[in-house]
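[1] I need the structure of the sequence given here:
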Amino acid sequence: MADRWATFDCYGTLIDWNGGLHRELARLWGEERADGLLARYHELERQVQAADQALPYRDVMARVLVQLGHVPAGEEDALARSLPDWEPFPEVPAALEEVRRRGWRLAILSNTDRDFIEASKRRLGVTFDETIVASEIGSYKPAPRHWEAFFERTHASRDAHVHVAASLFHDIAPARELGLRCIWINRLRERADPVPDSELPDLRALADTLDELVR
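    The predicted structure follows:
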């Protein structure tokens, strides 16, 4: 029987990405501007990543921050400094441990740098069998290189694999285009387009849902 693999995006799915960004934007420019700046951050990030797929993620963050407005002196790397301290969503560590207990292997496919993801994995406190980051493969999702590298490294069976993520743009849409099973973690109560195999509000029911998709 082939190993069952669950791959995950990290930020927004496992780690509270919007919460970490919002806190730093509020610290730099005030709480009253933080929501608008957060929305703008997501728009600009896509543009910067698309323009230079080989750019390290810490540089992506710095470029976007500068485009958001006048950055106080010495704060150009504020997001990169704070990211290692961003916390997991409350239910995530226990949910991942249960998935592992049921025999699933875990991997992270992240649009970030190695040092960031290693810090976040320590906060999660769960063992991952494989980790693929954008800065090492020269590609940002939604480009397919993360999944290609994952299958090259693990030789995982596509029939025994599920991708789990919160971003429709970066993860669910390309996973569907690749013909992969996927679970959308819809923390923001958005409308699905494209439609995933399954939709959850958080990871509490993840283990049961994975077992339903791959028995």
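[2] Give me the secondary structure label for residue 20.
    Under DSSP: H, G, I helix; E, B strand; the rest coil, the three-state class of residue 20 is helix.
[3] isn't it right up against residue 84?
    No: contact status for residue 20 versus residue 84: not in contact, 9.8 Å apart, counting by CB atoms under 8 Å. All C-beta atoms are positioned from the backbone trio N, CA, C, and that covers glycine.
[4] between these two, which one's more packed in?
    Per other CB atoms under 10 Å, whichever of residue 20 and residue 84 has more neighbours is residue 20, with 18 against 15.
[5] Model confidence for the more buried one, exactly?
    pLDDT for residue 20: 98.
[6] go on, residue 193?
    85.
[7] Roughly how far does it sit from residue 214?
    Distance, residue 193 to residue 214, using CB to CB, to the nearest Å: 24 Å.
[8] Spit out the contact partners of the residue of the chain positioned farthest from its centre.
    Here the centre of the chain is the reference, and by CA atoms, centre = their mean the most remote residue is residue 73, at 29.5 Å. With contacts defined as CB atoms under 8 Å, 6 or more residues apart in numbering, residue 73 has no neighbours.
[9] Wasn't it part of a strand?
    No: residue state for residue 73 (three-state DSSP) corresponds to coil; a strand is not indicated.
[10] circling back to that earlier point, of residue 193 and residue 214, who's got more company?
    More crowded of residue 193 and residue 214, by other CB under 10 Å: residue 214, with 16 against 8.
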